[in-house]
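**Q** Give me the fold of what follows.
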Amino acid sequence: MNLVALGGDVNIDHRRRKRTPLLAAATYGSVEAIEYLLSQGADIHQSSCNDGFTALHTTSGGGLTSCVRVLLERGARVDEPDSSTSFAVTQIAKY
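**A** A predicted model of the protein is given here:
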């Protein structure tokens with residue numbers, strides 16, 4: 001059984017790393033985890049308090065195109081700036 005099934009919060013922010021489960025899934029390029037977390041109510045627009053990255057910033061910066069596709073299909077905003085005012089769309093355009 002997983003923590004979400006036991007009532008865990010899919011939007012919890014890990015204290016040390018300042019990342020949510022969705023941001024962690026994006027960092028590791030796990031399409032399955034991203035889809036699952038979004039189906040369970042993960043906030044697609046929540047950003048890291050370290051750098052302002054959303055899941056889309058994270059996947060687009062790493063060239064994780066299958067993850068980017070899922071996030072865009074689910075409504076991720078390409079015009080959301082990170083803490084240095086960079087936009088995910090700039091990274092997406094490279095791929």
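
**Q** OK, contacts around the spatially most central residue of the chain?
**A** With distances taken as CA atoms, centre = their mean, Ala55 lies nearest the centre of the chain, 1.9 Å away. Applying CB atoms under 8 Å, 6 or more residues apart in numbering, we find Ala55 in contact with 22-23, 25-26, 34, 44, 67, 71, 76. Any C-beta I mention is one placed from the backbone N, CA and C, and that applies to glycine too.

**Q** Greatest separation within those: which pair is it?
**A** Ala25 and Ala76 (13.2 Å; CB to CB).

**Q** Looking at the two, which one has more neighbours?
**A** Ala25 (24 against 21; other CB atoms under 10 Å).

**Q** Tell me, please, where in this protein the pLDDT is lower than the cut-off.
**A** Along the chain, segments meeting pLDDT under 70 span 1, 3-4, 6, 14-17.

**Q** how about the helices in it?
**A** 21-27, 31-39, 55-61, 65-73, 88-92 (DSSP state H).

**Q** from the ones you listed, which stretch is densest packed?
**A** Most buried of the helices of the chain, by mean neighbour count (mean count of other CB atoms under 10 Å): helix 55-61, with a mean of 28.

**Q** follow-up on the earlier one: output the contacts of Ala55 in TSV, with distance to Phe87 appended to each entry.
**A** TSV is the format used below for these (distance: CB to CB, whole Å):
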residue	distance to Phe87
Leu22	19
Leu23	17
Ala25	21
Ala26	16
Ile34	20
Ile44	16
Cys67	17
Leu71	14
Ala76	12
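
**Q** quick one: which of the residues you listed is nearest to Asp51?
**A** Leu23 (10.1 Å).
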